[in-house]
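Pasting the sequence and the predicted model now:
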Amino acid sequence: MLRYFIQVIENLLTTGILAAFLWAVLDKGNGERRPALWGCIAGTAAALILAILRRTTALINRGFFNLWILSFAIIAGILYILFLWGILPKPLRKIPFLQKRPVLTEAIPQYVNALLLGALLFYALPTIFLYPTEFALAGESIFSTDFLFKFIGFALGLVVVILTSLALYKTGKALSPGLLKVLVTIALLVNLCNQLVVIVQFLLARRIIPMIRWIFRFIVGAVNHNSMFLYALMGISLLLPLIVFIRGLKVPVSGKNPAENRKIRSGLRTNRRWCFTVAAGFVFSVVAVTALKTYNERGVELSPAEPMTIAGEELIIPIPQVEDGHLHRFAYTASDGTEVRFIVIKKNAVAYGVGLDACDICGATGYYERKGQVICRLCDVVMNISTIGFKGGCNPVPLAYSLRSGNMVIEILNLENEKVRFK
């Protein structure tokens, strides 16, 4: 229950906050709402299709899709900021084609807004759509207490995100256009930094850019403390209800008649309620990603390293030691004293899953076995055992091995080359 409540908030609240900002700016500027609505619909539909493909086929490489989606979102975000501050409209008006079509020039920012909304939803929602498919494990019934608790946690997370985003949108509408523009720009820049971290992480993992130590350490630190981006967004967003609430205290109730006075008081009360809703939603969210997450992850300890033999430049593991189909953990002390861990699990009669006890997404947090499944210790994602030993997603970083004379043989050089991941 807690797991899905926490994960829905972690994965969706950022998008909810940004969507609330973008809709508030659209309403304050009296822009056309239809493009934004279609952008949301298109992004949601594309996310649903992507989730179905990820669930039913092996055609979707999550890393490559995220790379392109985030790259598109970054470009749309930068263009949106430039339009928001009036930097792009002036050069656009000098283009002959647009000079004759001023209406089109004014509509472009609205379509950029729609594209940005669609990209944000396309990136965030596939994972949310896939969560319900994890509620019932193989052989379990959906009419079980465990399934019900998971569904309740998932639903509560959605309720918190939706109500908080709606309340933030309502308070944003009550803010002055200039101040709202500043806060939206800061929020988008914070999110751009987060998106760049994800892109660089993928490029490093695929060796598309060189594995420079300080960049790798920075990215690992940013990934392991990814919640700091969410905290920053919540801190920026919290300024909206705070400003609206303080300004509401100073608004004089001086209408032309008692009916108008009641209307003013009613509007002020409504704004205060939305302000409190935003604050309450952020309190729930902070508690979820801190205290509840710590509580939910308690007691998950990595199993001790098993014995193995070092023979020259090779590590030797007897095959009977890893034949039982369970996860086995080993540790090698590198030349600089770093402990490099790796795992071995038998996948079928002829193949073994061998990889570092680390992944390109979560770093060296490790994996553990629960009810016959291999779980990432950081993000609690269930590994598909048949894919261990292959690149992609949260899978362990593949480690080459060979079988010789009834033993599994691993080159020490391969572990030495990966020791930076465990520092």
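Everything's here; your move.

Break down the stretch 151-300 of the chain into its helices, ranges please.
Taking DSSP state H, counting those that start in this stretch, the helices of the stretch 151-300 of the chain run over residues 177-205, 213-224, 227-250, 258-287, 293-296.

Redo those helices as JSON lines? Include mean pLDDT.
What follows is the helices of the stretch 151-300 of the chain, written out as JSON lines (pLDDT from 0 to 100):
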{"stretch": "helix 177-205", "mean pLDDT": "88"}
{"stretch": "helix 213-224", "mean pLDDT": "76"}
{"stretch": "helix 227-250", "mean pLDDT": "86"}
{"stretch": "helix 258-287", "mean pLDDT": "84"}
{"stretch": "helix 293-296", "mean pLDDT": "78"}
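
how about a markdown table for those helices, with distance to A107 and mean neighbour count added?
Where C-beta positions appear, they are placed from N, C-alpha and C, glycine not excepted. Formatted as a markdown table, the helices of the stretch 151-300 of the chain follow (distance: least, Cβ to Cβ, whole Å; neighbours: other Cβ atoms under 10 Å):
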| stretch | distance to A107 | mean neighbour count |
| --- | --- | --- |
| helix 177-205 | 19 | 18 |
| helix 213-224 | 37 | 15 |
| helix 227-250 | 27 | 17 |
| helix 258-287 | 30 | 16 |
| helix 293-296 | 43 | 14 |
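
what about these, which gets the closest to Y131?
Ranking those by proximity to Y131 (Cβ to Cβ) places helix 293-296 first, at 15.1 Å.

Could you pull up phi and psi at M408?
When read as degrees, to the nearest 10, the backbone of M408 gives phi -100, psi 130.

quick one: contacts for A331?
Contacts for A331 (Cβ atoms under 8 Å, 6 or more residues apart in numbering) come out as A305, E339, V340, R341, F342.

try 6 Å this time
A305, E339, R341 (Cβ atoms under 6 Å, 6 or more residues apart in numbering).

Which of these fall within strands?
The strands, defined by DSSP state E, take in E339, R341 from the contacts of A331.

Can you select the buried ones from the contacts of A331 in ChimeraX?
Here is the ChimeraX command that selects the buried residues among the contacts of A331 (16 or more other Cβ atoms under 10 Å):
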select :341
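
picking up where we left off before, mind checking which of the helices of the stretch 151-300 of the chain is nearest V350?
Closest of the helices of the stretch 151-300 of the chain to V350 is helix 177-205, at 27.9 Å (criterion: Cβ to Cβ).

returning to that earlier point: for C40, which of the helices of the stretch 151-300 of the chain is the nearest?
Closest approach to C40 among the helices of the stretch 151-300 of the chain (Cβ to Cβ): helix 177-205, 17.0 Å.

who are the neighbours of the closest one, in terms of helices and strands?
For helix 177-205, the packing partners by 3 or more Cβ pairs under 6 Å, 6 or more residues apart in numbering; DSSP states H and E come out as helix 2-28, helix 62-84, helix 213-224, helix 227-250.

name the element I410 belongs to?
Secondary structure from DSSP states H and E places I410 in strand 407-411.

Would you mind identifying the helix or strand in the protein with the lowest mean pLDDT?
Taking mean pLDDT, DSSP states H and E as the measure, the helix or strand of the chain with the lowest value is helix 96-99, at a mean of 64.

helix or strand right after that helix?
Elements were assigned by DSSP H and E; along the chain past helix 96-99, the next helix or strand is helix 102-130.

If you count contacts, what does that following helix end up packed against?
Counting contacts by 3+ Cβ pairs under 6 Å, 6+ apart, helix 102-130 is packed against helix 2-28, helix 34-56, helix 62-84.

Just the C-alpha atoms of the last one, please, in PDB.
Once side chains and other backbone atoms are set aside, the C-alpha atoms of helix 62-84 remain, and they are given as PDB (Å, rounded to 0.1, in the frame of the first residue of the first chain):
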ATOM      1  CA  ARG A  62      12.500   2.700 -22.100                       C
ATOM      2  CA  GLY A  63      15.800   4.600 -22.000                       C
ATOM      3  CA  PHE A  64      15.700   5.600 -25.700                       C
ATOM      4  CA  PHE A  65      12.100   6.700 -25.400                       C
ATOM      5  CA  ASN A  66      12.800   8.800 -22.400                       C
ATOM      6  CA  LEU A  67      15.700  10.400 -24.200                       C
ATOM      7  CA  TRP A  68      13.600  11.500 -27.100                       C
ATOM      8  CA  ILE A  69      10.600  12.500 -25.000                       C
ATOM      9  CA  LEU A  70      12.700  14.500 -22.500                       C
ATOM     10  CA  SER A  71      14.700  16.200 -25.400                       C
ATOM     11  CA  PHE A  72      11.400  17.200 -26.900                       C
ATOM     12  CA  ALA A  73      10.100  18.500 -23.600                       C
ATOM     13  CA  ILE A  74      13.300  20.500 -23.000                       C
ATOM     14  CA  ILE A  75      13.000  22.200 -26.400                       C
ATOM     15  CA  ALA A  76       9.300  22.900 -25.800                       C
ATOM     16  CA  GLY A  77      10.100  24.300 -22.300                       C
ATOM     17  CA  ILE A  78      12.800  26.600 -23.500                       C
ATOM     18  CA  LEU A  79      10.500  27.900 -26.300                       C
ATOM     19  CA  TYR A  80       7.700  28.400 -23.900                       C
ATOM     20  CA  ILE A  81       9.900  30.500 -21.600                       C
ATOM     21  CA  LEU A  82      11.000  32.600 -24.500                       C
ATOM     22  CA  PHE A  83       7.400  33.200 -25.600                       C
ATOM     23  CA  LEU A  84       6.300  33.900 -22.000                       C
END
